[in-house]
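1. just to be clear, the model below is a prediction. Sequence and coordinates:
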Amino acid sequence: MQLNDIFSSGQFGLSIEIFPPKTEKGEDALAKNLTRLVRYQPAFISCTYGAGGTTQDKTLDWCDRLQGEFKQHATAHFTCVGSTREQLIDWLNRAKDRGVQNIMALRGDAPEGQDSFQAVEGGLSYANELVTLIRDEFGDQFGIGVAGYPEKHQEAPDEETDLANLKRKVDSGADAVFTQLFFNNENFFRFRDRYQQAGITVPLIPGIMPITGFARIKRITAMCGAVFPEELYQKLEAVQEDDEAQLEIGVEHAINQCRELMEQGAPGIHFYVLNKSEACERILDALDIQPAGV
């Protein structure tokens with residue numbers, strides 16, 4: 001099922017994002033967590049790959065497992081990093097041969113040791129070029145998702161430039177926009193207003209990362225530039241030695257975020273679960289999104 005089919009059905013588009021584990025122990029743990037998460041019948045599960053384009057093959061391997069073992073629609077993340085145009089086309093052909101129907105098309109981060117993104121000779125520099133490549137070479141054989149930034153991409157000089165870049169990706173053939181994580185819904189709603197005013201009409205799906213630990217979320221927000229509300233920061237800082245208390249605060253905040261987003265018409269929510277199920281399960285239960293068989 002392609003993204004267009006998912007979001008034109010009128011049903012709420014729940015989706016979950018995972019990453020390929022580095023160890024066999026991590027793979028076993030992810031499989032157990034997926035067994036719990038798929039009970040909530042997500043519209044799809046997406047799989048990333050590592051910084052600098054690493055774990056590309058593992059991404060496809062996990063897409064195989066998602067579709068075969070877990071009977072889920074898989075979306076493969078795909079970036080421009082370290083690849084020529086011919087290598088990109090080859091990877092897309094392999095994805096198609098494995099039955100992948102949706103691609104999350106991203107520029108990707110600069111490889112480790114580089115200050116800024118630099119395309120390889122014969123490669124691509126921007127996500128809109130990647131979307132164009134997919135459409136030119138494969139037509140409508142893939143659904144295409146792209147990234148949006150409610151609080152602006154770190155490299156963009158201002159919000160207007162960032163929004164123009166997003167519109168360029170959509171105009172190149174993207175079917176839906178999935179946002180970077182955020183913790184302040186007002187920032188998302190302001191972004192959605194500007195998105196609509198810019199004439200972008202494809203579905204805009206908010207991305208939510210449940211907080212499960214203070215130290216980890218501090219690192220993540222520092223890397224991606226997401227705004228960390230001061231009140232939430234102080235609550236977590238006060239209990240940073242208590243793992244369960246941190247989880248409770250993070251889950252409660254995400255529940256409140258999701259309720260408001262759903263009430264305000266979000267067509268779906270994309271959960272960054274960090275390969276864990278507990279926080280997401282608690283959130284979905286609180287939102288009355290019942291697992292199958294319950």
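-> Perfect, I can see it now.
2. low-confidence regions, this structure specifically.
-> Scanning the chain with the threshold set as pLDDT under 70 gives 50-55, 109-119, 291-294.
3. which ones are touching Pro267?
-> By CB atoms under 8 Å, 6 or more residues apart in numbering, the contact set of Pro267 is 7, 12-13, 203-205. Where you see a C-beta, it was placed from the backbone N, CA and C, and this is true even at glycine.
4. can you check His270 too?
-> By CB under 8 Å, 6+ apart, the neighbours of His270 are 15-17, 46, 178-179, 205-208.
5. cutoff 6 Å now
-> 15, 178, 205, 207 (CB atoms under 6 Å, 6 or more residues apart in numbering).
6. out of the contacts of Pro267, list just those in helices.
-> Among the contacts of Pro267, the members found in helices (DSSP state H) are Phe7.
7. most neighbours among the contacts of Pro267, which one?
-> Neighbour count (other CB atoms under 10 Å) singles out Ile205 as the most crowded of the contacts of Pro267, with 25 neighbours.
8. surely that residue meets Gly265?
-> No. The pair Ile205 / Gly265 is not scored as a contact, 11.6 Å apart, by CB atoms under 6 Å.
9. quick one, strands of this protein?
-> Along the chain, counting by DSSP state E, strands occupy 13-18, 44-47, 74-79, 102-106, 143-148, 176-181, 204-208, 268-272.
10. what distance do you get for the closest residue to Ala245 other than its chain neighbours to Ile283?
-> Sequence neighbours aside, Val239 is the residue nearest to Ala245 in space, at 3.8 Å (criterion: CB to CB, 6 or more residues apart in numbering). Look at Val239 and Ile283: by CB to CB, to the nearest Å, they are 19 Å apart.
11. the longest helix seen in the chain - contacts with which helices or strands?
-> The longest helix of the chain (DSSP H) is helix 243-263. If contacts are counted by 3 or more CB pairs under 6 Å, 6 or more residues apart in numbering; DSSP states H and E, helix 243-263 sits against helix 230-238, helix 278-286.
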